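[1] Next comes the sequence, and after it the predicted model I'd like to discuss.
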Amino acid sequence: MLRAASSSARTASRALTTVTAERGIKVAVLGAAGGIGQPLSMLCKLSPLIDEVGCYDVVGTPGVAADLSHIPSKAKITGNLPSSGTWPPSGNKGLEAALTGADIVIIPAGVPRKPGMTRDDLFNTNAGIVKTLVEGCAKFCPNAVLGIISNPVNSTVPIAAEVLKKAGVYNPKKLLGVTTLDVCRANTFVAENQNMDVSKLNVPVIGGHAGITILPLLSQVPGAKFSDADREKLTVRIQFGGDEVVAAKAGSGSATLSMAYAGFLFTEGLIKGMKGEDVTMCAYVESTITEASFFASPVKFGPEGVKEVLGFGTLSAYEKVWFDKMIPDLKKQIAKGIEFANAKPAAA
């Protein structure tokens with residue numbers, strides 16, 4: 001059965017370009033009624049590259065879809081709820097409807113951070129949500145490209161990989177953690193510091209998507225000259241930019257609008273890559289370029305999602321110090337996700 005599923009996935013993958021050309025691109029957003037999901041769904045509805053948006057959440061999605069349906073753009077939009085109205089959604093027709101036929105699935109579902117919380121504090125709740133939703137993806141759209149936003153991304157992407165492996169449909173080219181917000185922050189903060197045109201910046205950000213595992217490569221910004229103090233300040237601000245938003249919102253949420261924008265940029269990048277355009281974006285993927293089995297670095301997108309995982313060039317002495325600090329933490333967070341995915345359910 002596993003061989004048959006894998007063979008079927010390869011066949012469908014080869015046909016992706018032809019199929020999407022005929023019927024258009026469908027994007028499913030899981031967690032579509034949340035703080036990230038609503039603006040992300042709206043941006044997808046507005047995109048000329050997207051023909052259908054399947055919205056799914058445990059509450060509120062019919063209303064979100066009705067609201068978005070009044071926007072005069074070509075994308076069809078549907079709002080889907082768990083068929084039983086309970087969580088987890090076992091045998092869920094709503095999840096099936098959102099996922100069936102999806103080319104790309106973006107998963108921002110989960111609880112947001114609050115003041116004093118790290119991404120890792122969210123682990124137990126969000127890990128279970130991601131595990132359940134990816135089980136649905138394995139069943140209803142095994143050939144879709146998955147983009148994981150739900151934190152902690154360093155752990156939830158390995159969880160998704162293990163779930164897909166158990167279902168016999170894992171393809172490392174089709175599973176990516178969305179780290180685009182780190183690049184957006186780096187571009188914004190560097191442009192402010194260097195008085196540069198932000199639209200012309202593309203700062204590489206490697207590693208993971210939590211605290212010190214986020215490493216902006218400021219040494220690779222053409223034309224930039226940083227003082228030691230500015231380099232340190234910028235690096236730490238990019239690493240902990242999410243904390244800045246959590247504190248400013250004073251307990252009412254985390255980075256939602258900027259994350260939705262970043263998730264949309266990532267989604268459009270994937271679609272363009274699927275259609276044959278030359279697109280390279282940083283993303284957190286299965287990788288052999290470091291000791292960590294998952295790592296964020298520049299990635300070329302293609303018809304299957306990941307076309308090629310690229311290296312990150314030469315690090316400065318300053319960046320090498322951060323890199324050496326990062327790897328042990330990143331490996332621990334990856335191992336935590338794998339352990340969670342493979343743990344046996346507790347006895348009743």
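    That came through, no problem. Since the structure is predicted, the reported quantities are computational estimates derived from the model, not experimental observations. Numbers count the residues shown, from 1 in each chain.
[2] Now do the same contact list for the spatially most central residue of the chain.
    Using Cα atoms, centre = their mean, the residue of the chain that lies closest to the mean C-alpha position is V178, 2.7 Å off. The neighbours of V178, taking Cβ atoms under 8 Å, 6 or more residues apart in numbering as the test, are I106, G147, I148, I149, V153, H209, A262, G263, F266, A283, Y284. C-beta coordinates here come from the backbone N, C-alpha and C atoms, glycine included.
[3] ok, now how distant is it from N342?
    Here the criterion is Cβ to Cβ, to the nearest Å. By it, V178 lies 24 Å from N342.
[4] export stretch 291-299 as CSV, just CAs?
    Output in CSV follows, covering the C-alpha atoms of stretch 291-299 (Å, rounded to 0.1, in the frame of the first residue of the first chain):
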residue,chain,number,x,y,z
GLU,A,291,24.2,18.9,10.7
ALA,A,292,20.5,19.8,11.3
SER,A,293,18.1,17.6,9.3
PHE,A,294,15.9,20.6,8.7
PHE,A,295,17.3,24.0,7.9
ALA,A,296,16.2,27.4,6.4
SER,A,297,18.3,28.6,3.5
PRO,A,298,17.6,29.9,0.0
VAL,A,299,15.5,27.5,-2.0
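[5] For that stretch, what is the distance to the chain centroid?
    With Cα atoms, centre = their mean, to the nearest Å as the basis, stretch 291-299 stands 14 Å off its chain's centre.
[6] Helix or strand: which one has G311?
    G311 is part of no helix or strand when elements are defined by DSSP states H and E.
[7] Repeat that for T132.
    When elements are assigned from DSSP H and E, T132 belongs to helix 123-140.
[8] what sits up against the next helix or strand after that helix?
    Secondary structure here is assigned by DSSP H and E; on that basis, the next helix or strand after helix 123-140 toward the C-terminus is strand 145-148. Strand 145-148 is touched from outside by 103-107, 130, 134, 137, 156-157, 160, 174-178, 263, 266-267, 270, 274, 304-305, with contacts defined as Cβ under 8 Å, 6+ apart.
[9] mind listing which of those residues are in helices?
    V130, V134, C137, T156, V157, A160, G263, F266, T267, L270, M274 (DSSP state H).
[10] Could you check the helix or strand that contains A335 and say which residues are buried?
    Assignment of secondary structure by DSSP H and E places A335 within helix 317-342. Judged by neighbour count using 16 or more other Cβ atoms under 10 Å, the buried positions of helix 317-342 are 319, 322-323, 326-327, 329-331, 333-334, 336-338, 340-341.
[11] tell me the angle of it relative to helix 123-140?
    Angle between the axes of helix 317-342 and helix 123-140 is 70 degrees (criterion: axes from the mean of the first three to the mean of the last three Cα atoms, to 10 degrees).
[12] How far off centre is helix 317-342?
    Average the C-alpha atoms of helix 317-342, do the same for its chain, and the two points are 18 Å apart (Cα atoms, centre = their mean).
[13] picking that back up, just checking, what packs against the helix holding T132?
    Using 3 or more Cβ pairs under 8 Å, 6 or more residues apart in numbering; DSSP states H and E as the contact criterion, the secondary-structure elements in contact with helix 123-140 are helix 93-99, strand 104-107, strand 145-148, helix 153-167, helix 317-342.
[14] strands paired with the third one, and their directions?
    It stands for strand 145-148. strand 104-107 (parallel), strand 175-177 (parallel) (DSSP bridges).
[15] Make TSV from those strands and add mean neighbour count, mean pLDDT and distance to E291 to it.
    As requested, the strands paired with strand 145-148 are arranged in TSV below (neighbours: other Cβ atoms under 10 Å; pLDDT from 0 to 100; distance: least, Cβ to Cβ, whole Å):
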stretch	mean neighbour count	mean pLDDT	distance to E291
strand 104-107	28	98	27
strand 175-177	27	98	18
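[16] among those strands, which is nearest I77?
    Smallest distance to I77 across the strands paired with strand 145-148 (Cβ to Cβ): 14.2 Å, for strand 104-107.
[17] hang on, the earlier thing: looking at the strands paired with strand 145-148, which is nearest to D121?
    Among the strands paired with strand 145-148, strand 175-177 comes nearest to D121, with 18.2 Å by Cβ to Cβ.
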